[in-house]
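# Model the structure of this input:
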Amino acid sequence: MWLIWTVGVAAYVLAIVNRTSLSAVGVDAAQRFDADASMLSMLAVLQLVVYASMQIPVGLMLDRYGARPMMTIGMILMAVGQLAIAFAPTVGIAVVARMLLGAGDAAVFPSVLRLIATWFPAQRAPVMNQVTGIVGQMGQIVALIPLAHLVHSTSWTIAFGSVAGLAVLFAVLIFALIRNHPPGYKGDVSVNTDTGAIEIVKSSVDTSVGIRAAWAHPGTRLAFWTHFTTPFAGTAFVILWGVPFLTVGQGLTMGQASAVASTLVVVGVVFGPMLGALSAKVPNLRSRLLVLPTVAIQLAAWLVVILWPGRAPLWMLFVLAVALAVGGPASMIAFDHARTHNPSHRLSTATGITNVGGFLAALLALFFIGVAMDLQGASRPEDYTLDAFKIAFLTQVPLWLLGAVFIAIERKRTRRHIGLDKPRKKRKGGREGAES
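The predicted structure is shown next:
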């Protein structure tokens with residue numbers, strides 16, 4: 001059981017390394033492929049598009065074939081993608097390679113969650129899922145520090161070729177050591193050892209229920225907008241634009257920039273359990289007391305850095321990292337909303353809708369930042385300036401404001417729907433007003 005989980009979570013760490021492998025070498029990628037800022041953004045955008053679009057097919061294939069073959073195929077796809085990145089002569093090939101990474105990455109985390117469901121007692125699954133997510137984020141630090149050091153101390157080809165080799169190694173380990181379910185069971189089932197209850201594990205979205213039915217509940221829409229609004233700024237910072245902003249824009253050394261970006265990851269890991277505990281204590285006030293303040297903190301920190309005359313002091317950049325870090329744990333509240341407000345037969349669909357919100361906002365943020373850099377004439381690393389970065393990062397503000405407005409709207413609708421607030425009634429003349 002523990003060997004299965006250890007191999008699975010190690011594979012997930014490697015998947016995160018692959019996903020964020022451009023985080024500390026974005027400038028190197030732009031120079032190697034002679035890519036402008038928009039095209040550099042597209043390397044990350046298209047990877048995430050493929051990752052998101054593969055969620056439904058991966059779920060269906062997990063239900064049919066199980067975790068072992070899906071993880072093996074995922075690792076092989078990532079190995080091919082990283083090998084292509086290592087030798088890619090043009091940005092076009094690099095884009096295709098990143099799309100292969102997205103496809104392979106999409107298979108790993110759902111597979112690990114399925115292994116937890118089949119190998120661990122059902123009552124322990126929530127804790128194991130949380131621990132898996134926390135440990136997996138360490139892959140971002142690997143991408144920020146060791147991988148970047150390897151690129152700069154050897155060569156681009158050797159560094160990314162080495163990551164491809166690791167993916168091949170893990171494909172072999174997964175195929176040799178992982179099994180879909182324990183011996184004695186004919187299928188993938190989850191067993192509660194306290195009650196004896198047995199439930200078939202299902203990973204796919206229930207399209208027979210329909211996305212429309214899940215979206216019709218305001219709690220699902222609240223979950224969507226919560227996940228849309230809270231994590232995208234940290235994602236855009238870590239995946240691509242953070243290190244170039246810190247090194248070229250703010251003038252930090254690579255070591256200092258890695259420390260700031262790593263702080264974002266570590267603080268996110270620390271805040272996760274704390275925010276989860278707070279969320280459990282105030283289930284009916286999560287949006288007002290946790291989600292919206294998190295959005296305000298991120299917005300305020302970015303505005304301070306952007307409006308700071310010239311380069312911000314190092315301590316302020318660490319404050320920015322901490323502010324962005326809380327967005328990840330806050331985004332998990334979205335899945336609490338989805339689980340709370342949907343019956344079990346609709347949960348997979350509601351969770352899928354919620355997940356799309358976070359990816360959509362991240363894609364838009366990455367794309368807007370790249371386009372804003374190009375429009376200012378800061379297309380390539382030699383043209384990057386601090387002022388160009390500041391204006392480019394301002395494009396995140398409309399996404400925060402849009403999300404915050406819809407969180408407030410859907411929160412009110414959800415509270416009325418579940419009876420926490422009184423419904424609005426029509427006044428004379430057809431106008432609506434709140435009851436006193």
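# now the helices: where do they sit in the stretch 101-250 of the chain?
Ranges of helices within the stretch 101-250 of the chain are 108-119, 125-136, 138-144, 146-153, 156-177, 211-216, 218-229, 232-236, 242-244, based on DSSP state H, counting those that start in this stretch.
# so W241 sits right up against V27, yeah?
No: between W241 and V27 there is no contact under C-beta atoms under 8 Å: 10.5 Å. Every residue, glycine included, has its C-beta placed from N, CA and C.
# Which one of these two is surrounded by more residues?
Set side by side, W241 and V27 show more neighbours around W241, with 25 against 19, by other C-beta atoms under 10 Å.
# could the helices of the stretch 101-250 of the chain go into JSON lines alongside distance to P183?
Output for these, formatted as JSON lines (distance: least, C-beta to C-beta, whole Å):
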{"stretch": "helix 108-119", "distance to P183": "11"}
{"stretch": "helix 125-136", "distance to P183": "20"}
{"stretch": "helix 138-144", "distance to P183": "31"}
{"stretch": "helix 146-153", "distance to P183": "38"}
{"stretch": "helix 156-177", "distance to P183": "14"}
{"stretch": "helix 211-216", "distance to P183": "37"}
{"stretch": "helix 218-229", "distance to P183": "38"}
{"stretch": "helix 232-236", "distance to P183": "40"}
{"stretch": "helix 242-244", "distance to P183": "46"}
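# Averaging pLDDT over each of these, report the lowest-scoring one.
In terms of mean pLDDT, the lowest-scoring of these is helix 125-136 (a mean of 76).
# Return the alpha-carbon coordinates of that one using CSV.
Output in CSV follows, covering the C-alpha atoms of helix 125-136 (Å, rounded to 0.1, in the frame of the first residue of the first chain):
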residue,chain,number,x,y,z
ALA,A,125,-8.7,9.1,1.7
PRO,A,126,-9.4,12.9,2.3
VAL,A,127,-6.2,13.2,4.4
MET,A,128,-4.1,11.2,1.9
ASN,A,129,-5.4,13.3,-0.9
GLN,A,130,-4.4,16.5,0.9
VAL,A,131,-0.9,15.1,1.8
THR,A,132,-0.5,14.0,-1.9
GLY,A,133,-1.3,17.5,-3.1
ILE,A,134,1.1,19.2,-0.6
VAL,A,135,4.0,16.8,-1.4
GLY,A,136,3.4,17.2,-5.1
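# returning to what we had before: out of the helices of the stretch 101-250 of the chain, which gets nearest to S258?
Set against S258 and scored by C-beta to C-beta, the helices of the stretch 101-250 of the chain come closest in helix 138-144, at 5.1 Å.
# so where is the stretch 251-400 of the chain shaky, pLDDT-wise?
Within the stretch 251-400 of the chain, the segments meeting pLDDT under 70 span 344-345, 347-348.
# Helices along that one, start to end?
So, for the stretch 251-400 of the chain - with DSSP H, counting those that start in this stretch - the helices run 254-281, 286, 292-307, 314-325, 327-340, 347-375, 386-393, 397-417.
# Including distance to Q47, could the ones you listed go into CSV?
Converted to CSV, the helices of the stretch 251-400 of the chain look like this (distance: least, C-beta to C-beta, whole Å):
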stretch, distance to Q47
helix 254-281, 19
helix 286, 31
helix 292-307, 23
helix 314-325, 20
helix 327-340, 19
helix 347-375, 10
helix 386-393, 20
helix 397-417, 19
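# Make a markdown table out of these and add mean neighbour count.
Shown next, in a markdown table, are the helices of the stretch 251-400 of the chain (neighbours: other C-beta atoms under 10 Å):
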| stretch | mean neighbour count |
| --- | --- |
| helix 254-281 | 18 |
| helix 286 | 24 |
| helix 292-307 | 17 |
| helix 314-325 | 20 |
| helix 327-340 | 23 |
| helix 347-375 | 22 |
| helix 386-393 | 20 |
| helix 397-417 | 18 |
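# Of those helices, which is nearest M42?
With C-beta to C-beta, the closest approach to M42 among the helices of the stretch 251-400 of the chain belongs to helix 347-375: 7.3 Å.
# wait, isn't V163 in contact with V17?
Yes: taking contacts as C-beta under 8 Å, V163 lies within contact range of V17: 6.6 Å.
# Mutual contacts of these two, please.
Residues within reach of V163 and of V17 at once, by C-beta atoms under 8 Å, 6 or more residues apart in numbering, are L147.
# re earlier: can you tell me which of the helices of the stretch 101-250 of the chain is nearest to Y51?
Using C-beta to C-beta, those put helix 108-119 closest to Y51, at 9.9 Å.
# relative orientation of that closest one and helix 156-177 in degrees?
Orientation note: helix 108-119 sits at an angle of 20 degrees relative to helix 156-177 (axes from the mean of the first three to the mean of the last three C-alpha atoms, to 10 degrees).
# Any idea which of the helices of the stretch 251-400 of the chain gets closest to V49?
Among the helices of the stretch 251-400 of the chain, helix 347-375 comes nearest to V49, with 6.5 Å by C-beta to C-beta.
# just checking, what packs against that closest one?
Packing partners of helix 347-375 (3 or more C-beta pairs under 8 Å, 6 or more residues apart in numbering; DSSP states H and E): helix 37-53, helix 55-65, helix 211-216, helix 218-229, helix 232-236, helix 327-340, helix 386-393, helix 397-417.
# Distance from it to the middle of the chain?
Relative to the centre of its chain, helix 347-375 is centred 10 Å away, using C-alpha atoms, centre = their mean, to the nearest Å.
# got the angle for that helix vs helix 218-229?
Interaxial angle, helix 347-375 versus helix 218-229 (the same axes, to 10 degrees): 30 degrees.
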